[in-house]
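>>> I would like to see how this sequence folds:
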Amino acid sequence: MALQRFADYAAGLTVTDLPEDAIHAAKRAVIDWFASTLRGGLEAPATLLTEAFSDSAGKALLYPSGHTTDPRTAALINGAASHTIEFDDIYRDGLYHPGAPVISAVLALAQAKGLGGPDFLRSVIAGYEVSNRMAVAVNPAHYEYWHTTATIGTFGAAAGAAAVLDLDANRMAHAMANAGTMAAGLQQAFRGEAMAKPMHAAHAAQTGVTLALAAEQGVTGVIDILEGERGFGAAMCNNPDWNAAADALDTSFTIERMTFKNHAACGHTHAAIDGVLALRAEHDLKPEDIAKIRVGSFQKAHEICGNMDPQTIFEAKFSLAYCAAMAIQKGRVRLDAFSADLLEDRELRDLIAKVDLSVDADIEAGFPSRRAAQISIETTQGETLEHYAPTRKGDPDNPLTDDELTDKFLEITNPVLGEDGAAAYLDQLWRLDETDDLCALPLTPTKANAAQ
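So this is what the prediction gives:
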């Protein structure tokens, strides 16, 4: 059974198996997760979930408050927080955000069980590797109706959490098998205004912890859940070649090829933003210079981000037109690009009305492994300016450097922790592989500031 092969890999991974590049990549993923989580924890639904569920006892931390709770609750709330501000990591070829479900689950359980940094990072890598490979196997067919972060994320969270518990391959397989029948999350959840999208990551993370703890006690699942006649593959993704995905496990570490977002919006908007920013910089464009912005991209970008009249911050983050207009107006599309006031800005609205969206056949042919955009801007002076963005800044072929990732972390977390606190926090995260106690890190504003 293919699922047993995934379980064998995750259960058999040891700290000594991990090359330095994979460990460093895992630390980058954790740093990026903390950036999104610390800021997202101040917003709904994480704040509402905290009110509803955080009164249980335990050693797992909630962010950024530093309150402690049980690991299932921490995975739920931090999972929601990490996927709220649309700044979390992506495995491009799998149409998947692994950090939100996997790290949320692994960290909560690792804190509860007293793990140190090396085993925490090993468990993160285990969850990433099996779920990234599975995500590639099921897509793009699965992505037609299902949210990969919710579905495959449940497998990744279960595998990572089971690795924390050091389950053998048999019990690891049962945790992952039950993930297959408990995984859910529909794309309709982010086609309109709601808090459902971050709840997908929350549910996946919490379910992963639940299933690992259950498997530890002997709860079993159906091992042929992937390829069975009425299993996950048949029901949700046109029966992919699971064994080919498992074959790839020993070839490389996918965690070394993550996309770290450079813009605070849906990843499907990023190539277009990059293209508009390039033309703006090259030609010193201002809003009054723009007659038309034409964006050619892939079909899913238009299906998911085709809103030409966003009315809320959530809708704006999923609007190619808004993001392209913002790139012209402000020269950046970070967190400060989204506010109630900006949604009513007349100049920005005029720019949005000048955006024209289309599907580019050549770009569509490269999806999902290539996320490109063709930008054409017609100026009020009668010029036509062209730029082809072959990839997104932050993708593995144009990655954020460590310095750029550091800048991103500090930009997002300075308002939460203060400049000194954020810097101290980041220093500890870069040295995660040296810590013996994840609960002793300066992971709250008070502790972070005291560390200076």
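
>>> can you give me phi and psi for the residue lying closest to Asp241 once chain neighbours are set aside?
Distances taken as CB to CB, 6 or more residues apart in numbering place Ala137 nearest to Asp241, at 6.6 Å, with adjacent residues excluded. Where you see a C-beta, it was placed from the backbone N, CA and C, and this is true even at glycine. Main-chain dihedrals, Ala137, degrees, to the nearest 10: phi -60, psi -40.

>>> residues touching Ala137, list them.
Ala137 makes contact with Cys237, Pro240, Asp241, Trp242, Ala244, Ala245, according to CB atoms under 8 Å, 6 or more residues apart in numbering.

>>> Tyr384: how many residues sit nearby?
For residue 384 the amino acid is Thr, not Tyr. 11 (other CB atoms under 10 Å).

>>> Assess the claim that it and Ile375 are in contact.
No - Thr384 is beyond contact range of Ile375, at 10.9 Å (criterion: CB atoms under 8 Å).

>>> residues in contact with the residue nearest to the spatial centre of the chain?
Residue closest to the mean C-alpha point of the chain, counted by CA atoms, centre = their mean, is His97 at 3.2 Å. For His97, the contacting residues are His83, Asp88, Asp89, Ile90, Tyr91, Thr148, Thr149, Gly153, Ala201, by CB under 8 Å, 6+ apart.

>>> did I read that right, the second one in a helix?
No - assignment of Asp88 by DSSP: H, G, I helix; E, B strand; the rest coil gives coil, placing it outside any helix.

>>> Report the contact partners of the closest residue to it other than its chain neighbours.
Spatial nearest neighbour of Asp88, excluding adjacent residues (CB to CB, 6+ apart): Ser36 at 4.5 Å. Going by CB under 8 Å, 6+ apart, Ser36 touches Ala81, Ser82, His83, Thr84, Ile85, Phe87, Asp88, Gly99, Ala100, Ile412.

>>> tell me which of those residues is nearest to Gly58?
Nearest to Gly58 out of those is Ala81 (CB to CB; 17.0 Å).

>>> Look up how far Ala105 lies from that closest one.
Using CB to CB, to the nearest Å, we find Ala81 at a distance of 13 Å from Ala105.

>>> Same check on Phe367?
29 Å.

>>> Then Asp341?
Look at Asp341 and Ala105: by CB to CB, they are 37 Å apart.

>>> Outside of stretch 376-392 itself, list whatever touches it.
Everything outside stretch 376-392 that qualifies as a contact, by CB under 8 Å, 6+ apart, is 259, 262, 267, 270-272, 274-276, 278-279, 282-283, 285, 288-294, 296, 370-375, 397-398.

>>> contacting residues for Leu107?
Counting by CB under 8 Å, 6+ apart, Leu107 has contacts Ala60, Ala74, Asn78, Phe120, Leu438.

>>> buried stuff in stretch 174-184?
Residues His174, Ala175, Met176, Ala177, Asn178, Ala179, Gly180, Met182, Ala183 are the ones in stretch 174-184 that count as buried (16 or more other CB atoms under 10 Å).
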